[in-house]
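**Q** Mind looking at a prediction? Sequence and model below.
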Amino acid sequence: MLETEKDVAVSESEAAALFLMERTVEYAYSAALRAVALFGVADHLVDGPKSVAELAEATKSDELRLYRILRLLASRGVFRENESGQYELTAAAEFLRTDVPLSLRAGVLMLTDETFWRPSGEIDWGVRGTPPFKRIYGMSFFDYWAQKGASADDFHVGMASMSEIENEFLARSYDFPEGATVIDVAGGFGRLLLRILQRNPTLHGILFDRPHVLPRNQLGELGDDKRWELVSGDFFESVPRGDIYVLKYILHDWPDEQATRILRSCREAMAPGGRVLVMDPVIPSGNTPHTGKYLDLLCMAIYEGGRERREEEFRRLLDGADLRLNRVIDTGCYISIVEAVAN
């Protein structure tokens, strides 16, 4: 028998039932995160704790309703209610600010946008074999965003935000050879390539993506325009010649056939001694908790056949592209680096 804090006896089966119900309503936590991100609550706490009344006035929201949202988030370590009943920032809430270098506000808005939320709510269609995103929006995820263009919570802005902290782990976890040319395949705004070039001053970088994405690149922050260039194209057809190919969150978008085609494009273009670095979660076997298992279900909801993969699945993909899995590098976060070399 288990004991609650009120010393009321609860059986193990009853505790298990309560556990299941608590997990079922956890989407309310994501909804609360979206609300405080939209209202910019964290920005109003930079100067110190504030009452809910002050925050409601600053954000033009309803005081009682805002309190109920903050109360939930504070129970999970996002914000803290002090003894005076005021709310203050926590280490996690700091990343909801818009004025911090690794702000995750745009990433939170992206992951809680309806383009993720609605398909996830209809994931049963994905289990049946019908892509939920296409069923709802009538087109693929990428066609949708290409058509929609820029917006405050668009996919590329959100990915850039989400990637900032991830890129710190990735860029420092791999020893790039001096003087190499690094191709960031479908690299979006180029934030990962920027971080790699900043840490490795002898490298040259090429940001390769679709034409409508490249004009929004941020590689100018490097301060040396001679060290990078932009190339547009279709990675199913070809990619630029280079030494190191970086594919972050690319293969998980696609089923095996298309993923193999992307890898084959890299294999055909790579210089002698070149390498491919696949940066995706590598799903562990068994019941081990892993963030990649959550991301895998998002892939099911929004992509047509995309998924996160286990090590042996990466090995098979690489074999199909005349590449050999050389090693899997633990970066310290939920994304690993799968290094591949030519067979």
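**A** Yes, it's here.
**Q** from here on, contacts and neighbour counts on C-alpha atoms
**A** Noted.
**Q** Ramachandran coordinates for residue 254?
**A** Note on residue 254: its backbone torsions stand at phi -130, psi 150 [degrees, to the nearest 10].
**Q** do the same with residue 232
**A** The phi/psi pair for residue 232 (degrees, to the nearest 10) is phi -100, psi 150.
**Q** Next one: it from residue 174, what distance?
**A** Per C-alpha to C-alpha, to the nearest Å, residue 232 is found 26 Å from residue 174.
**Q** With residue 290 instead?
**A** Residue 290 is 22 Å from residue 174, by C-alpha to C-alpha.
**Q** Just the C-alpha atoms of the strand or helix carrying residue 18, please, in PDB.
**A** Assigned by DSSP states H and E, residue 18 belongs to helix 12-24. Output of helix 12-24 as PDB, limited to C-alpha atoms (Å, rounded to 0.1, in the frame of the first residue of the first chain):
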ATOM      1  CA  GLU A  12      -0.700   0.300  -6.000                       C
ATOM      2  CA  SER A  13      -3.400  -0.200  -8.600                       C
ATOM      3  CA  GLU A  14      -5.200   3.000  -7.500                       C
ATOM      4  CA  ALA A  15      -2.000   4.900  -7.700                       C
ATOM      5  CA  ALA A  16      -1.400   3.500 -11.200                       C
ATOM      6  CA  ALA A  17      -4.800   4.600 -12.300                       C
ATOM      7  CA  LEU A  18      -4.200   8.100 -10.900                       C
ATOM      8  CA  PHE A  19      -0.900   8.200 -12.700                       C
ATOM      9  CA  LEU A  20      -2.500   7.400 -16.000                       C
ATOM     10  CA  MET A  21      -5.200  10.100 -15.500                       C
ATOM     11  CA  GLU A  22      -2.500  12.700 -14.600                       C
ATOM     12  CA  ARG A  23      -0.600  11.900 -17.800                       C
ATOM     13  CA  THR A  24      -3.800  12.200 -19.900                       C
END
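**Q** helix or strand right after it?
**A** Using DSSP H and E, the first helix or strand after helix 12-24 is helix 27-39.
**Q** Residues contacting stretch 264-275, please?
**A** Applying C-alpha atoms under 8 Å, 6 or more residues apart in numbering, the external contacts of stretch 264-275 come out as 235-245, 276, 321-323, 339-342.
**Q** any chance you could map the strands in the protein?
**A** According to DSSP state E, the chain carries its strands in the segments 2-3, 9-10, 80-81, 87-88, 181-185, 204-209, 228-232, 242-248, 270-280, 323-330, 336-342.
**Q** Could you list every helix and strand in contact with the second one?
**A** With contacts defined as 3 or more C-alpha pairs under 8 Å, 6 or more residues apart in numbering; DSSP states H and E, the secondary structure elements packing on strand 9-10 are strand 2-3.
**Q** For the strand it packs on, give the mean pLDDT please.
**A** The average pLDDT within strand 2-3 is 49.
**Q** now do stretch 217-228
**A** Averaging pLDDT residue by residue across stretch 217-228 gives 96.
**Q** ditto for stretch 274-288
**A** For stretch 274-288, the mean per-residue pLDDT is 96.
**Q** end to end, how far does stretch 181-196 reach?
**A** 11 Å.
**Q** and what of stretch 248-262?
**A** The first-to-last residue distance of stretch 248-262 comes to 12 Å (C-alpha to C-alpha).
**Q** do stretch 36-45 as well
**A** End-to-end distance (C-alpha to C-alpha), stretch 36-45: 12 Å.
**Q** roughly how far out does that stretch sit from the chain middle?
**A** Counting by C-alpha atoms, centre = their mean, to the nearest Å, stretch 36-45 is centred 21 Å from the centre of its parent chain.
**Q** and that stretch, which residues are buried?
**A** Neighbour-count burial for stretch 36-45, counted by 16 or more other C-alpha atoms under 10 Å, picks out 36, 37, 38, 39, 40, 41, 42, 43, 44, 45.
**Q** For the last one, give me the pLDDT.
**A** Spelled out, it's residue 45. pLDDT at residue 45 comes out at 98.
**Q** Please report how far it lies from residue 265.
**A** In terms of C-alpha to C-alpha, residue 45 sits 49 Å off from residue 265.
**Q** Next: the first one.
**A** With the distance defined as C-alpha to C-alpha, residue 36 ends up 43 Å from residue 265.
**Q** okay, and the helix or strand of the protein with the least pLDDT?
**A** The helix or strand of the chain with the poorest confidence is strand 2-3; it has a mean of 49 (mean pLDDT, DSSP states H and E).
**Q** thinking residue 325 is in contact with residue 341, fair?
**A** Yes: taking contacts as C-alpha atoms under 8 Å, residue 325 lies within contact range of residue 341: 6.7 Å.
**Q** Contact partners for residue 172?
**A** Counting by C-alpha under 8 Å, 6+ apart, residue 172 has contacts residue 199.
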